[in-house]
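1. Take this sequence and fold it.
(one chain, ligands or ions: 2)
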Amino acid sequence: MKPILEKLHSDHINFSELLRFLEHQQHLLEECKLSDLAAMYDAVRYMKEYPDFVHHPLEDIVFRYFMENYGQQHKSIEGLLHEHEGMPALTERLLETLQNAQAGLPQDREELCEMLEEYISVQRKHMDEEEAHVYPVLNSSLSPADWQEIDHDLARVEDPLFGEKVKQSYASLFQQIMNH
Ligand SMILES: [Fe+2]
Ligand SMILES: [Fe+2]
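-> Ligands and ions are numbered 1, 2, ... in the order given. So this is what the prediction gives:
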């Protein structure tokens, strides 16, 4: 696998870990047990800061390069590009709801649970589609010269949660995920 795809793939493994954590918190909330709203907020804040702002735009560059140069009307890719556009709004909505819940505003627990459940499911389906139908095609179709070209377009970015250096504001979430 090419380094860019490997990076995107390892991002997926990290996101899955985070979604598992979020799902666990959502189950606690659902069962009226003590859930950690602050940690959930941090987890979703991470979804905004890294997957929405970095991982998906990086995929956009690779996916678009593939479509432009190989001229294929790849159904999965078109759908995924479309989902990328809608994801920041979903994250923002969930973030706001969690913020309100944290601030102690009257919050419908069921609604928050449903929102979390749907968010987790959308994210998982999206990644599964990429892993099953897109990454293998990119891996076998794009030549080393293509990857070099793509590499040119990419700025080096750091993952604030799972990268080499954990950003200070994610230190507590990182510990919780590692101990989970
Ligand atoms: Fe994606
Ligand atoms: Fe992805």
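2. give me phi/psi at residue 103?
-> Torsion angles at residue 103 (phi, psi; degrees, to the nearest 10) stand at phi -80, psi 0.
3. Check residue 71 too.
-> The phi/psi pair for residue 71 (degrees, to the nearest 10) reads phi 50, psi 30.
4. Tell me where this protein has strands.
-> With DSSP state E as the criterion, the chain has no strands.
5. Look up how far residue 128 lies from the residue nearest the centre of the chain.
-> For the chain, the residue nearest the mean C-alpha position is residue 51 (3.9 Å; Cα atoms, centre = their mean). Look at residue 51 and residue 128: by Cβ to Cβ, to the nearest Å, they are 15 Å apart. No exception for glycine: its C-beta is placed from N, CA and C like everyone else's.
6. got it, and residue 56?
-> Taken as Cβ to Cβ, the span from residue 56 to residue 128 is 15 Å.
7. neighbour-wise, which of these two wins?
-> Neighbour count, other Cβ atoms under 10 Å: between residue 56 and residue 128, residue 56 has more, with 21 against 12.
8. which residues does the more buried one contact?
-> By Cβ atoms under 8 Å, 6 or more residues apart in numbering, the contact set of residue 56 is 84, 87.
9. okay, and for this protein, where does confidence drop off?
-> 1, 106-107, 155-158 (pLDDT under 70).
10. now the helices for this structure?
-> Remark: helices assigned in the chain by DSSP state H are 3-30, 37-47, 56-70, 75-102, 109-129, 135-141, 144-153, 171-179.
11. Return the most buried member of these.
-> helix 37-47 (a mean of 21; mean count of other Cβ atoms under 10 Å).
12. ok, back up a step: reformat the helices of the chain as a markdown table; add distance to residue 163.
-> Formatted as a markdown table, these follow (distance: least, Cβ to Cβ, whole Å):
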| stretch | distance to residue 163 |
| --- | --- |
| helix 3-30 | 9 |
| helix 37-47 | 11 |
| helix 56-70 | 14 |
| helix 75-102 | 19 |
| helix 109-129 | 19 |
| helix 135-141 | 21 |
| helix 144-153 | 19 |
| helix 171-179 | 10 |
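13. Any chance of the ones you listed in JSON lines with distance to ligand 1 as columns?
-> Below are the helices of the chain laid out as JSON lines (distance: least, Cβ to the ion, whole Å):
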{"stretch": "helix 3-30", "distance to ligand 1": "8"}
{"stretch": "helix 37-47", "distance to ligand 1": "12"}
{"stretch": "helix 56-70", "distance to ligand 1": "5"}
{"stretch": "helix 75-102", "distance to ligand 1": "5"}
{"stretch": "helix 109-129", "distance to ligand 1": "6"}
{"stretch": "helix 135-141", "distance to ligand 1": "10"}
{"stretch": "helix 144-153", "distance to ligand 1": "15"}
{"stretch": "helix 171-179", "distance to ligand 1": "21"}
